[in-house]
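Asks: Predicted model follows, preceded by the sequence.
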Amino acid sequence: MTMNICARLGIAFPLFAFSHCRDVVAAVSRAGGMGVFGAGSHTPEELEAELAWIDAHVDGKPYGVDLVVPEHLAGGGIDRTATDLAREIPDAHWQFTRDLLEQHGVDASQVGPEDRGKFGDNVSVLPEVVEASLDIVFRHPIALIANALGVPPRAMIERARQHQIPVAALVGAREHALRQVEAGVDILVVQGTEAGGHCGEVSTLVVVPDVLDALGPDRTTYVLAAGGIMTGRQMAAVMALGADGAWTGSVWLPTVESEVPQAVREKLIAASPRDAVRSRSRTGKPCRQLRSAWTEAWDGPASPGPLPMPMQQLISLPAFERIDRATDGGNQSARALSSYFVGQGIGLVHEVSDCRQVYRAFVEGFAAGYGDLDRFAQGGDGSADKG
Ligand SMILES: Cc1cc2nc3c(=O)[nH]c(=O)nc-3n(C[C@H](O)[C@H](O)[C@H](O)COP(=O)(O)O)c2cc1C
């Protein structure tokens, strides 16, 4: 069957840009792709303000929102706050964090369960925060809602149906894809292990055809490929596999519009693919990020071991606020700890561009890649006829 995701969503080119930065989201949607705003690191109040800003700057073009709603949550429960959960973290973990920060000249005197940092009890994966976020997003003219960690809650799917908004979900394995389809998801973002952020173990080049095979030729679910896609030629490659488009994240991080601290931008531009490591040290789930003194210490022999989500986030969120502040203040030792979620593809990015330039490069690279395949298929260089 023919499924045109551009027609379904009202976009010109099937390039999806996940970002926590409203400027990136608005810029990509204005250019002709679809910006998807990652709401996972915002409090409900911030989310309302960010979406209002996007509405005012997107020139009426479609954009999406992505929430982080885990299917399984250690210690979760509507009646327990983040502070309650933080008090259950063993002291060995707090002590390890304090020692690590102090070794790098970062003030750690207040680090512990009572120091919740800027997020307070608003840890986005907790049920009450998810509920408040859903109320907010459906008040805005979003064109897509996505969920990061497992099958979206029934309430999210039902509310999206009422608003006629397609639901997307990220998956990293064939069996997860089938469960999402059964739950009623419209768009599968099939993400390989190369990807920045939470990721599975199978590469994009393998997991995309595996999921397409599982869905079969009569599928009615759109498939977007994700993980490691930084260029239009890679986009043409995943669409040659049968995907309906590309979902990207890391490529937008070093753009001028992006929110990353300057020290992180410099690290990103200098990074090689092997600098993006998969570690549980930031969120408690395997998550690809820049290798730093933080990932090395938590994954090293002296570590008490990262705790499950959301416990590890209760440690890392306030710690990284301190690390980023110290790094911004010129502390070179703190800079060694600084990190950011990023995929292996960052090793392919060597300069800072703006979002429109990145979008245009995608369109041109896609045309070049498609043109090469087409010439090959037409036997233009004789290769197709050689058998
Ligand atoms: C900085 C960063 C943060 C991310 N946070 C989320 C998130 O909150 N929710 C989500 O669904 N995906 C998140 N992702 C994953 C992206 O949605 C996307 O699948 C991934 O970036 C694609 O791989 P790439 O980074 O190689 O382009 C994040 C990715 C990055 C780079």
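Replies: Now that the structure is in, tell me what you want to look at.
Asks: Name all residues that make contact with residue 134.
Replies: Residue 134 makes contacts with 67, 155-156, 159, as judged by CB atoms under 8 Å, 6 or more residues apart in numbering. C-betas here are computed from N, CA, C, even on glycine.
Asks: Then residue 250?
Replies: Residues near residue 250 by CB under 8 Å, 6+ apart: 195-196, 230, 276, 342-343, 345-346, 349.
Asks: quick one, what contacts the closest residue to residue 303 other than its chain neighbours?
Replies: Leaving aside its chain neighbours, residue 303 sits nearest to residue 297 (6.3 Å; criterion: CB to CB, 6 or more residues apart in numbering). Applying CB under 8 Å, 6+ apart to residue 297 gives the contacts 96, 100, 281, 303.
Asks: Closest one to the ligand out of the residues you listed, please.
Replies: Nearest to the ligand among those, counting by CB to the nearest ligand atom, is residue 281 at 15.2 Å.
Asks: tally of neighbours for the closest one?
Replies: For residue 281, the tally of surrounding residues (other CB atoms under 10 Å) stands at 23.
Asks: repeat for residue 62
Replies: For residue 62, the neighbour count with other CB under 10 Å is 16.
Asks: hang on, it packs against residue 144?
Replies: Yes - the criterion here is CB atoms under 8 Å, and residue 62 meets it with residue 144 at 7.4 Å.
Asks: what's the overlap in contacts for the two?
Replies: Counting by CB under 8 Å, 6+ apart, the common neighbours of residue 62 and residue 144 are 9, 34.
Asks: Could you list the residues of this structure in contact with the ligand?
Replies: 18, 38, 40, 66, 68, 146, 148, 170, 189, 191, 194-197, 226-229, 247-251, 253, 341-343, 345 (CB under 6 Å from any ligand atom).
Asks: I'd say residue 163 and residue 137 touch.
Replies: No - counting by CB under 8 Å, residue 163 stays clear of residue 137, with 9.7 Å between them.
Asks: Compare the two (neighbour count), which wins?
Replies: residue 137 (24 against 11).
Asks: Need the pLDDT of the more buried one.
Replies: Note on residue 137: pLDDT of 95.
Asks: Nearest spatial neighbour of it, chain-adjacent residues omitted?
Replies: Using CB to CB, 6+ apart and skipping residues adjacent in sequence, the residue nearest residue 137 is residue 65, 4.8 Å away.
Asks: looking at this, the one you found is in a helix?
Replies: No - applying DSSP: H, G, I helix; E, B strand; the rest coil, one finds residue 65 to be strand, outside a helix.
Asks: who's it bridged to?
Replies: Note on residue 65: beta-bridge partners residue 37, residue 145, judged by DSSP bridges.
Asks: show me what contacts it?
Replies: By CB under 8 Å, 6+ apart, residue 65 lies in contact with 36-37, 39, 51, 137, 140, 142, 144-146.
Asks: change it to 6 Å
Replies: Counting by CB atoms under 6 Å, 6 or more residues apart in numbering, residue 65 makes contact with 37, 39, 137, 142, 145.
Asks: likewise residue 110?
Replies: For residue 110, the contact set (CB under 6 Å, 6+ apart) is empty.
Asks: what separates it from residue 97, distance-wise?
Replies: Residue 110 is 11 Å from residue 97, where distance means CB to CB, to the nearest Å.
Asks: Buried ones among the contacts of residue 250?
Replies: Using 16 or more other CB atoms under 10 Å as the burial test, the contacts of residue 250 include 195-196, 230, 276, 342-343, 345-346, 349 as buried.
Asks: tell me the SS of residue 223?
Replies: Under three-state DSSP, residue 223 falls in the strand class.
Asks: give me the number of residues near the residue in the stretch 201-350 of the chain that the ligand sits nearest to?
Replies: Residue nearest to the ligand within the stretch 201-350 of the chain: residue 249 (2.0 Å; CB to the nearest ligand atom). Using other CB under 10 Å, residue 249 has 27 neighbouring residues.
Asks: just to revisit the earlier point, can you redo the contacts of residue 250 as CSV with secondary structure and pLDDT?
Replies: Formatted as CSV, those follow (DSSP: H, G, I helix; E, B strand; the rest coil; pLDDT from 0 to 100):
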residue, secondary structure, pLDDT
195, coil, 98
196, coil, 98
230, coil, 98
276, strand, 98
342, coil, 98
343, coil, 98
345, helix, 98
346, helix, 98
349, coil, 97
